[in-house]
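In: heads up, no residue letters with this:
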Ligand SMILES: Nc1ncnc2c1ncn2[C@@H]1O[C@H](COP(=O)(O)OP(=O)(O)OP(=O)(O)O)[C@@H](O)[C@H]1O
């Protein structure tokens, strides 16, 4: 993976505001993902997490605020330009695989779009291998078990050789074992220099991989700090889970291989 400039954040959002008519979905949100970090973005349903990823990835033009990648202002850039020129790549909450294409073809389409002048086939092979999909290279994506389809989706993102990876609920529908494997994969990518912003409801995954989290509620940041501190924070407990609720037991931590 490409070298990162350690003097500036890998990803920085400043003062993001997103209005949809009368609804303010994101309200003065700033966040930073440092090079070499995995940062979590968590919050209750409807808090604005996907909208933030849409803004960061270029699908949604914010009402106000800026997005910088490795020090460059990419706020007006399309998703394609962000992928090609800033190496900022995202996955989606709902899978977007081509069901009638094989695993290789699915990954190759993403690799080709992100590396128009590079060796897309080599990037594809590497991503497929890295995600442990060699045995199903020529299998139609739609016929794979759900957990492996999720892997194809991540292989598509990795084939674009990202420096910054935005993941929207990558563990949705995965078993505890698959979440553990995902945690290991994210750790590896991170050690290779990929900065990651992780939107996730599964606290065991967040706990296992994130050095810090930003918690949002009604589009506003209500906490930033370590996962352990977030899980003990009154405001987070109140607004993230509702009155009288408790956060999931972190002893289910995927790093311990439990369950
Ligand atoms: N295009 C849109 N037009 C109008 N309202 C929208 C639009 N996109 C999102 N919203 C609203 O913005 C708010 C934030 O939605 P968003 O999907 O970003 O939340 P979320 O935290 O990702 O939720 P979840 O955890 O359920 O995926 C919600 O009230 C949602 O209904």
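Out: Perfect, I can see it now. The structure presented is a predicted model; accordingly, all values stated were derived computationally and were not measured. Residues are numbered from 1 along each chain as shown.

In: only C-alpha atoms for contact and neighbour calcs from this point on.
Out: Fine.

In: What residues sit buried inside the lengthiest helix in the chain?
Out: Using DSSP state H, we find that the single longest helix of the chain is helix 176-191. Neighbour counts using 16 or more other CA atoms under 10 Å place 176, 178-187, 189-190 of helix 176-191 among the buried residues.

In: which one among the residues you listed gets closest to the ligand?
Out: Comparing those against the ligand with CA to the nearest ligand atom places residue 179 closest, at 18.1 Å.

In: Need the nearest residue in space to the closest one, chain neighbours excluded.
Out: In space, and not counting its chain neighbours, residue 179 is closest to residue 171: 6.1 Å by CA to CA, 6 or more residues apart in numbering.

In: try residue 11
Out: residue 69 (4.6 Å).

In: And the pLDDT for the one you found?
Out: Note for residue 69: predicted pLDDT of 98.

In: wait, isn't it in contact with residue 31?
Out: No - counting by CA atoms under 8 Å, residue 69 stays clear of residue 31, with 11.9 Å between them.

In: Could you name every residue contacting both of those two?
Out: Shared contacts of residue 69 and residue 31 (CA atoms under 8 Å, 6 or more residues apart in numbering): residue 12.

In: ok, the two, which is more surrounded?
Out: residue 69 (23 against 19; other CA atoms under 10 Å).

In: In the stretch 51-200 of the chain, what residue lies closest to the ligand?
Out: Closest point on the stretch 51-200 of the chain to the ligand, by CA to the nearest ligand atom, is residue 51, at 3.7 Å.

In: same for the strand or helix carrying that residue, what does it pack against?
Out: Assigned by DSSP states H and E, residue 51 belongs to helix 49-57. Applying 3 or more CA pairs under 8 Å, 6 or more residues apart in numbering; DSSP states H and E, we find helix 49-57 packed against strand 23-33, strand 88-90, strand 164-168.

In: Out of these, which one sits most buried?
Out: Most buried of those by mean neighbour count (mean count of other CA atoms under 10 Å) is strand 88-90; its value is a mean of 28.

In: For that one, the averaged confidence score.
Out: Per-residue pLDDT values across strand 88-90 average out to 95.

In: neighbours around the residue nearest to residue 179, how many?
Out: Residue 171: 22 neighbours (other CA under 10 Å).

In: And the contacts of the helix holding residue 51?
Out: Counting by CA under 8 Å, 6+ apart, 13, 18, 25-26, 41-43, 60-62, 67, 79, 82, 88-90, 166, 168, 199, 216, 219 sit against helix 49-57.

In: make it 7 Å
Out: For helix 49-57, contacts defined as CA atoms under 7 Å, 6 or more residues apart in numbering pick out 41, 60, 61, 62, 67, 79, 89, 90, 166, 168, 199.

In: Spatially, what comes nearest to residue 130 if we skip its sequence neighbours?
Out: Using CA to CA, 6+ apart and skipping the chain neighbours, the partner closest in space to residue 130 is residue 155 (7.8 Å).

In: Looks like that neighbour contacts residue 129 (just checking).
Out: No - using CA atoms under 7 Å as the test, residue 155 is too far from residue 129 to be in contact (8.8 Å).
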